[in-house]
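Chemist: Sequence first, predicted coordinates after that:
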Amino acid sequence: MLETPIPPLVTSLAIPTIICMLVTSVYNMADTYFVSQINTSASGAVGIVFSIMTIIQAVGYMVGMGTGSIASRLLGQGNQELADTYASSAVLAALVLGLSLATVGLVNIKSIIWMLGSTDTIYPYALAYAQYILLGAPIMILAFTLNNLLRWQGKARLAVFGLGTGGILNIFLDPLFIFGLDLGIAGAAIATLLSQCISLAILSSFFLLKKSALRVSPRCISRSPRVYLAILKQGMPSFLRQSTLSLSTMALNFNARIYGDAAVAAMAIVTKVFNVVQSVIIGFGQGFQPVLGFNFGAGRLDRVKSAILYSLKVCTILLTVTAILGFFFAPQIVTAFRDDPDVISIGTRVFRYQCYALPLLAVLTFANMLFQSLGKSFRATVLALCRQGVFVPLVFLLTSQFGLTGLELTQMVADLIAFLISAIIMLHYFIKEFGRDAASIA
């Protein structure tokens, strides 16, 4: 962590996390693909329930990344005992929050489906899908927490194996349950639930077999509210980043349903595809976060700077190439999910608009991750709210003023605004920390 050159170090940690994020995104997209074969309304239902999935992920990432960031710095300082306390307490927090979320969600499931922007024809599909997703909330949150605890201590390969195994299994179970067992859209949700159970079992085994540098034990669980408040404070940027995605998806569906099931389905398809692209960038960022936290804790600010600059350059180039390819092949990509003329027409336009802003995604993502890794929670929280926080008012404003075209343009405009805010905040930090050398970030 302190001596290996930054490019190979970040790359070696990033590749497993990218694979893990890709597998997770691909099996989420697999749900969309197989469910879309049922009909357009079922395809729209996946977009509706996506908001619930992002809230579950938000809680898991909040606990896991909040704890991981703290534990990484403690390990860098040589404080093993306190790092174990945070890790063990995180598992308890994940279980309690997961059970609470499942209970509240299942009790209010019908009203939640309508609130998320469902239409009359989408509602029965969304209800059948959402009930199993909510039932699995505690399992998913625990799995995300353990995955992040492994990743933050530099054991990315174990993390990707645990979460990735469940993801691959889900891809095979989807068609079996949906079509083979004739369970319809509920089969996709059951497949996801079973896959997450497998992931949790594998991830738990790494801690039980002492393959983790962090110890998780009931004896290490803290009774001090300060420990849990520190976890929540440090993980809040991750929660806000994911939960605002849920809020923006709800706002998007609410406005899209005005134009029918085809619009809701098109937005769901484009969102899932772009989540795959974003997962690569987030995976890369999760690879450099342990490097940032460990080196910051050890006082090696030169390596902190090198890691963020290297990551920005590599990912911006990757996103630019992806945006060019995506622009030209947008119709074919949308058609692969749903061969419906209205879905293809709307989806292609949305896809191409988002390609214009795609190269800016590295700055949007890494600015937030940088400050979270360094324990600067206020700036990290502001940036976590930035992208989707801008999106929510914009989608209502642009849709009311420009109709369907305004709806299609919203994410691109939001990304442009968020990029400017993120770039200014990150550049200010570099100037403050590195003085004249900060010019190299431009």
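Modeler: Now that the structure is in, tell me what you want to look at.

Chemist: ok, and for the least confident helix or strand in the chain by mean pLDDT, which residues are buried?
Modeler: Across the helices and strands of the chain, mean pLDDT, DSSP states H and E gives its lowest value to helix 6-36, namely a mean of 78. Residues of helix 6-36 classed as buried: 6, 9-11, 13-36 (neighbour count, 16 or more other CB atoms under 10 Å). For glycine as for every other residue, the C-beta is placed from the backbone atoms N, C-alpha and C.

Chemist: Centroid-nearest residue for this protein?
Modeler: residue 242 (6.1 Å; CA atoms, centre = their mean).

Chemist: residues in contact with that one?
Modeler: Contacts for residue 242 (CB atoms under 8 Å, 6 or more residues apart in numbering) come out as 54, 55, 57, 58, 61, 62.

Chemist: mind listing which of those are in strands?
Modeler: Using DSSP state E, no member of the contacts of residue 242 falls in strands.

Chemist: And the residues you listed, which is closest to residue 409?
Modeler: residue 54 (22.1 Å; CB to CB).

Chemist: any idea how far residue 238 is from that closest one?
Modeler: Per CB to CB, to the nearest Å, residue 54 is found 12 Å from residue 238.

Chemist: distance between the least confident helix or strand of the chain and the chain's centre?
Modeler: Here the centre of helix 6-36 is set off from its chain's centre by 11 Å, with CA atoms, centre = their mean, to the nearest Å.

Chemist: Which strands or helices does it pack on?
Modeler: Contact partners of helix 6-36 among helices and strands, from 3 or more CB pairs under 8 Å, 6 or more residues apart in numbering; DSSP states H and E: helix 40-77, helix 156-175, helix 185-208, helix 261-297, helix 301-337.

Chemist: And residue 266, how far from residue 68?
Modeler: 36 Å.

Chemist: and residue 232, how many neighbours?
Modeler: Number of residues near residue 232 (other CB atoms under 10 Å) recorded here: 16.

Chemist: got the contact list for it?
Modeler: Neighbouring residues of residue 232 by CB under 8 Å, 6+ apart: 62, 66.

Chemist: Which element, helix or strand, includes it?
Modeler: helix 225-256 (DSSP states H and E).

Chemist: centre of the chain versus that helix, how much separation?
Modeler: Taking mean C-alpha positions (CA atoms, centre = their mean), helix 225-256 and its chain are 10 Å apart.

Chemist: Kindly provide the whole-number mean pLDDT of it.
Modeler: For helix 225-256, the mean pLDDT works out to 82.

Chemist: Report the angle between that helix and helix 40-77.
Modeler: When axes from the mean of the first three to the mean of the last three CA atoms, to 10 degrees is applied, the directions of helix 225-256 and helix 40-77 differ by 150 degrees.

Chemist: quick check: angle from helix 225-256 to helix 261-297?
Modeler: 150 degrees.

Chemist: what comes up buried for helix 225-256?
Modeler: 227-228, 230-232, 234-256.

Chemist: And stretch 34-51, by the same measure?
Modeler: Within stretch 34-51, the residues that count as buried by 16+ other CB under 10 Å are 34-36, 38-51.

Chemist: what does stretch 109-119 give?
Modeler: Buried-residue list, stretch 109-119, by 16+ other CB under 10 Å: 109, 112, 113, 116, 117, 118, 119.

Chemist: Show me the shaky parts of the stretch 1-150 of the chain.
Modeler: Within the stretch 1-150 of the chain, the ranges that satisfy pLDDT under 70 run 1, 20, 24, 27-28.

Chemist: tally of neighbours for residue 211?
Modeler: The number of residues packed around residue 211, counting by other CB under 10 Å, is 11.

Chemist: From residue 200, how far out is the closest residue to it other than its chain neighbours?
Modeler: Excluding the flanking residues, the one nearest residue 211 by CB to CB, 6 or more residues apart in numbering is residue 158, at 6.3 Å. Residue 158 sits 14 Å away from residue 200, going by CB to CB.

Chemist: One more: residue 397?
Modeler: Note on residue 397: its distance to residue 200, by CB to CB, is 42 Å.

Chemist: can you check residue 6 too?
Modeler: Distance, residue 6 to residue 200, by CB to CB: 33 Å.

Chemist: neighbour-wise, which of residue 397 and residue 200 wins?
Modeler: The neighbour comparison of residue 397 against residue 200 (other CB under 10 Å) goes to residue 200, with 24 against 13.

Chemist: Any idea how many residues pack against the closest residue to that one other than its chain neighbours?
Modeler: Among residues not flanking residue 200 along the chain, residue 143 sits closest, at 4.4 Å (CB to CB, 6+ apart). Using other CB under 10 Å, residue 143 has 28 neighbouring residues.

Chemist: Pull stretch 212-221 out as PDB, backbone CA atoms only.
Modeler: Taking C-alpha atoms only, stretch 212-221 is exported to PDB below (Å, rounded to 0.1, in the frame of the first residue of the first chain):
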ATOM      1  CA  SER A 212     -10.000 -11.300   6.700                       C
ATOM      2  CA  ALA A 213      -7.600  -8.900   8.400                       C
ATOM      3  CA  LEU A 214     -10.600  -7.600  10.200                       C
ATOM      4  CA  ARG A 215     -12.200  -9.800  12.900                       C
ATOM      5  CA  VAL A 216     -15.900 -10.000  13.200                       C
ATOM      6  CA  SER A 217     -17.100 -11.300  16.600                       C
ATOM      7  CA  PRO A 218     -19.900 -10.700  19.100                       C
ATOM      8  CA  ARG A 219     -17.200  -9.900  21.700                       C
ATOM      9  CA  CYS A 220     -16.000  -7.000  19.600                       C
ATOM     10  CA  ILE A 221     -19.400  -5.400  19.100                       C
END
